[in-house]
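K.L.:
sequence first, predicted coordinates after that:
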Amino acid sequence: MKIQIAGPGCPRCQATEQNVINACAALDLAADISHIYDVKQYAALGVRMTPAVIVDGKVVSSGRVPTVEELKKLLKPQD
Amino acid sequence: MIAEVILAGLSALKDYIATHVLTCLVPAFLLAGGIVTFVSREVILDYLGEQASKLKSFPLAAAASFFVAACSCTVIPVASGLYYGGAGIGVAFIVLWVAPATNILALVYTGSILGGGMVVSRIAAALVMAFAVGAVMTAVFRSAARPQDPPAATAVRGPIVVGERLILLGLVLVSLLAPNYVVRTGTYAYKVLVWAVLTGLVAVYAARTVPREQIRAWLRETWWFVRIIFPLLLAGVFVVGVIGKLLPESWIRTWLGGNGLQASFLATMIGAVSYFATMTEAPFVDTLMKLGMGPGPALALLLTGPGLSLPNWLAIARVFGAWKSVVYVTTIMVLGTLVGWFFGNFILVR
């Protein structure tokens, strides 16, 4: 699973990254987590409101800091 | 001397913060947090992205900007996202301008410090400037090649805001406006009483209609605004107090007094170059007005202060390209000067 956090480096984006890391830890999930800081790059991925969380190329949350609980639901394997 | 200057800073903090925390800042932050939580900004942006006609998309962009971002730090990603997502260049720059120049937090604070007339002028002037900026950017960059094909629309479109939440936001807005605008006379304690009653009403309505989880999300978003903006506001207001103490009154009178074109231009320049954290422009302008700045230059400074700054020019240049940044900044400076001059001479006459 590939998780990208998109944001220009604002405090809210840092908090989002932290929550994603915590959610992955809680789920015992081995994910490839990266942070995109370049506006052009994440705009091309379809992100308009930051901070955004992109899972395997799909924007799953944007414009706010998702909580660890929300992220656990979003990231949990579907099967 | 140093002690005196620090005291001036502290007294500004007391004047602009202490007396505004409960009746103005708390409801304003709650409203901003509520907009983030309850209003689906994604849907608004979807509409903006696909509106082809400028007659529709310009007013829509201006109106949406009131709600899309509540501080200038978030607006560049939003505007660039719109642009690279397929919206017109005019729309992107309208959002870039209107959101910081007239966001809801700054407007409320301006009103409770400088009065209603200044707020109405600020909104009207910002809108006029927005349409002009949109038109100029569209005209100059009409033929510019788009950077890439816009990504396919992914949105599942829902309503912008659910009816009950709209009532809730309305109630918060009333609790914000009533103590600051309706109750013009009376003591501070009376204002606090009006605020407390209305806030109680908001709390009861929220508890009855909004699920616990969403209320928690609302308060969390509100807290984010407090954490990001409040420290900047405190520091900014302190600096305002210090500057007010250090600047000789005669300078202000000479350079920023009256409503001439030159004073208006100078105010625009000051605003366009220096960085004002959102909301700090209101006490700064108030301080300068007490020292003799005319209402026209004051309006110009209110608009360009939060709307533009040197770091902001560079960020825009990095994202949109240097040429667009130059055209945008120049247009705003010309417009700001004219707007200050016009409103000072014909609208804000005292």
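P.N.:
Happy to help now that I have it. Residues are numbered from 1 along each chain as shown, chains lettered A, B, ... in the order given.

K.L.:
tell me how many other residues crowd A:Asp56.
P.N.:
Residues lying near A:Asp56 (other Cβ atoms under 10 Å in any protein chain shown) number 11. C-beta here means a position set from N, CA and C on the backbone, and glycine is covered the same way.

K.L.:
just give the closest residue to it, not the sequence neighbours.
P.N.:
A:Lys2 (5.5 Å; Cβ to Cβ, 6 or more residues apart in numbering or on different chains).

K.L.:
beta partners for that neighbour?
P.N.:
For A:Lys2, the beta-bridge partners are A:Asp32 (DSSP bridges).

K.L.:
got a list of what it touches?
P.N.:
A:31-32, A:34, A:55-57 (Cβ atoms under 8 Å, 6 or more residues apart in numbering or on different chains).

K.L.:
in terms of contact, does A:Leu74 touch A:Val59 like I think?
P.N.:
No - look at A:Leu74 against A:Val59 with Cβ atoms under 8 Å: they stay out of range, at 11.1 Å.

K.L.:
what about those two, which has more around it?
P.N.:
Neighbour count, other Cβ under 10 Å: between A:Leu74 and A:Val59, A:Val59 has more, with 21 against 15.

K.L.:
how far away is the more buried one from A:Thr50?
P.N.:
The gap separating A:Val59 from A:Thr50 is 11 Å, by Cβ to Cβ, to the nearest Å.

K.L.:
B:Ser325 now?
P.N.:
When B:Ser325 is compared with A:Thr50 (using Cβ to Cβ), they lie 20 Å apart.

K.L.:
what of B:Leu127?
P.N.:
In terms of Cβ to Cβ, B:Leu127 sits 26 Å off from A:Thr50.

K.L.:
tell me which of those two has more neighbours.
P.N.:
Comparing B:Leu127 with A:Thr50 by other Cβ under 10 Å, the one with more neighbours is A:Thr50, at 26 against 20.

K.L.:
skipping adjacent residues, who's closest to the more buried one in space?
P.N.:
A:Gly7 (4.2 Å).

K.L.:
which residues are in contact with that neighbour?
P.N.:
A:13, A:16, A:35-37, A:42, A:50-52, B:77.

K.L.:
which of these tops the neighbour count?
P.N.:
Most neighbours among the contacts of A:Gly7, by other Cβ under 10 Å: A:Pro51, with 30 neighbours.

K.L.:
list the contacts for that one?
P.N.:
By Cβ under 8 Å, 6+ apart, the contact list for A:Pro51 reads A:5-7, A:10, A:12-13, A:15-16, A:62-65.

K.L.:
with B:Leu45 instead?
P.N.:
A:48-49, B:64, B:68, B:78, B:81-82, B:85.

K.L.:
7 Å instead?
P.N.:
Taking Cβ atoms under 7 Å, 6 or more residues apart in numbering or on different chains, we find B:Leu45 in contact with A:48, B:82.

K.L.:
show me what the host helix or strand of B:Gly236 is packed up against.
P.N.:
Assigned by DSSP states H and E, B:Gly236 belongs to helix B:212-246. With contacts defined as 3 or more Cβ pairs under 7 Å, 6 or more residues apart in numbering or on different chains; DSSP states H and E, the packing partners of helix B:212-246 are helix B:2-13, helix B:26-38, helix B:281-290.

K.L.:
flag every buried residue along it.
P.N.:
Buried residues in helix B:212-246, counting neighbours by 16 or more other Cβ atoms under 10 Å in any protein chain shown, are found at B:215, B:217-218, B:221-222, B:224-226, B:228-230, B:232-233, B:236-245.

K.L.:
any residue of the helix or strand of chain A with the lowest mean pLDDT up close to chain B?
P.N.:
Within chain A, no helix or strand scores below helix A:39-44, which has a mean of 81 by mean pLDDT, DSSP states H and E. Yes - applying Cβ under 7 Å from any Cβ of the partner chain, one finds helix A:39-44 touching chain B at A:39-40, A:43-44.

K.L.:
any idea which of these is closest to chain B?
P.N.:
In terms of Cβ to the nearest Cβ, no member of those lies closer to chain B than A:Ala43, at 3.7 Å.

K.L.:
return stretch B:246-258 as CSV; C-alpha atoms alone will do.
P.N.:
The C-alpha trace of stretch B:246-258 is given here as CSV (Å, rounded to 0.1, in the frame of the first residue of the first chain):
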residue,chain,number,x,y,z
LEU,B,246,7.8,54.7,17.6
LEU,B,247,6.3,56.4,14.5
PRO,B,248,6.2,60.2,14.8
GLU,B,249,2.7,61.5,14.3
SER,B,250,3.9,64.2,11.9
TRP,B,251,5.2,61.6,9.5
ILE,B,252,1.9,59.8,9.3
ARG,B,253,0.0,63.1,8.7
THR,B,254,2.4,64.1,6.0
TRP,B,255,2.6,60.8,4.1
LEU,B,256,-0.7,59.0,4.8
GLY,B,257,-3.0,61.9,5.8
GLY,B,258,-5.9,62.9,3.6
